[in-house]
Each structure stands twice: as structure tokens, then as C-alpha cells.
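Trainee: Quick one: sequence plus predicted model below, questions after.
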Amino acid sequence: MRLVTSMMTTEEMIEGDISKATEIILSNFKNEFEIYKYSYNDRKYHEVDIDLFNVVFSKEKIYDDIDKLISTYEEIMKTLTLQIDFIAGNDDTDSAIIIYEQDNEDIKNFGLFVTNRTIPNIQPYYSSQICNAYVNLTHVSFGVY
């Protein structure tokens, strides 16, 4: 199974920041990976995807694994000066990114959404001084069926 981490920013991420984020992710998930960087002139956000291969979440420990992801993203947020929103899901995060880019706060397709913002009328799964994490497994299974 593939685990996709999409990092959304208003400023383009420089290579050094992408490297730091990748190092933090790989320190917690020792998997093969690929990085994709998307910058579009007609869009408000820039996207960097870090795809990890052969990530297995078990039904019994899925929330432990999600907590590990949240901690990883929180560490990246502490390390980098950019404001980053994270969208995580299995295989692809395209539908969630389309919703995100429309500034639609309907996070039902996001799987895991980690941000420093507060989403109105939705209780975060996890909250700290650094971030709020919203989890919805209705449309994203993280490979657990």
C-alpha cells in the first residue's frame, strides 16, 4: 500500500525544506519513497507529495499509526518556518486537494488533515499548540479494510 503525504503551502517549498521534511518522515517510517513537486501558475497553493511504499496499517493499531503520522507532521511544523497543511491518505490525495484548493473546509475526503488552523464546527481528533489534526476514515482506509 502507498501512503501519500501531501504538503500544501502558499509559498513554494525550497529543496532544503523538502529534504528536512523527508528526513523527518523517513526517521519514523523506514520505507521506500518518491517525491513529487507540483507548482502551478494558476493555483493559490504549491504541493509536495512524499509517497511511501509498502506502508501497512493494521486494524488493531490504526489509531497508533495515525498518531505516529500526526507526531511526524507536528515535528515538521516545528522544524520548518513555512506554514504547511498536511493531507494524508492511501494511494492518492487528489480529491482532497481539489476540495482544499477551493478553500472548502469540508474535510470528509481528507483521511488525515493536519493544520495549524481550526476548522469551524468540527472537533479535532488531536489538538496542540502547534496543530490540529482531523481524521475521517469514511473515504480513506489507510489500507485497512
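Mentor: Okay, I see it.

Trainee: Phi and psi next, for the residue nearest to residue 88 when sequence neighbours are not counted.
Mentor: Closest residue to residue 88 in three dimensions, ignoring its sequence neighbours and counting by Cβ to Cβ, 6 or more residues apart in numbering: residue 112, at 4.1 Å. C-beta here means a position set from N, CA and C on the backbone, and glycine is covered the same way. When quoted as degrees, to the nearest 10, the phi and psi of residue 112 stand at phi -130, psi 130.

Trainee: Bridge partners for residue 112, pull those for me.
Mentor: As for beta bridges, residue 112 partners with residue 88, residue 135 under DSSP bridges.

Trainee: ditto for residue 38
Mentor: On the basis of DSSP bridges, residue 38 is bridged to residue 47.

Trainee: Hmm, it is touching residue 48, no?
Mentor: Yes. Using Cβ atoms under 8 Å, residue 38 is in contact with residue 48, at 7.4 Å.

Trainee: and those two? which has more neighbours close in?
Mentor: residue 48 (21 against 14; other Cβ atoms under 10 Å).

Trainee: what residues are up against the more buried one?
Mentor: By Cβ atoms under 8 Å, 6 or more residues apart in numbering, the contact set of residue 48 is 6-7, 9, 13, 18, 21, 35-38.

Trainee: Could you give me the PyMOL selection string for whichever of those residues are buried?
Mentor: Buried residues within the contacts of residue 48, by 16 or more other Cβ atoms under 10 Å, are selected in PyMOL with:
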select buried, resi 6+7+9+13+18+21
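
Trainee: Nearest to residue 54 among the contacts of residue 48?
Mentor: residue 35 (16.5 Å; Cβ to Cβ).

Trainee: residues making contact with the helix or strand of the chain with the lowest mean pLDDT?
Mentor: Lowest on mean pLDDT, DSSP states H and E among the helices and strands of the chain sits helix 94-101, with a mean of 78. With contact meaning Cβ under 8 Å, 6+ apart, helix 94-101 is reached by 6, 8, 43-45, 47, 85, 87, 89, 106-107, 109-111, 113, 139.
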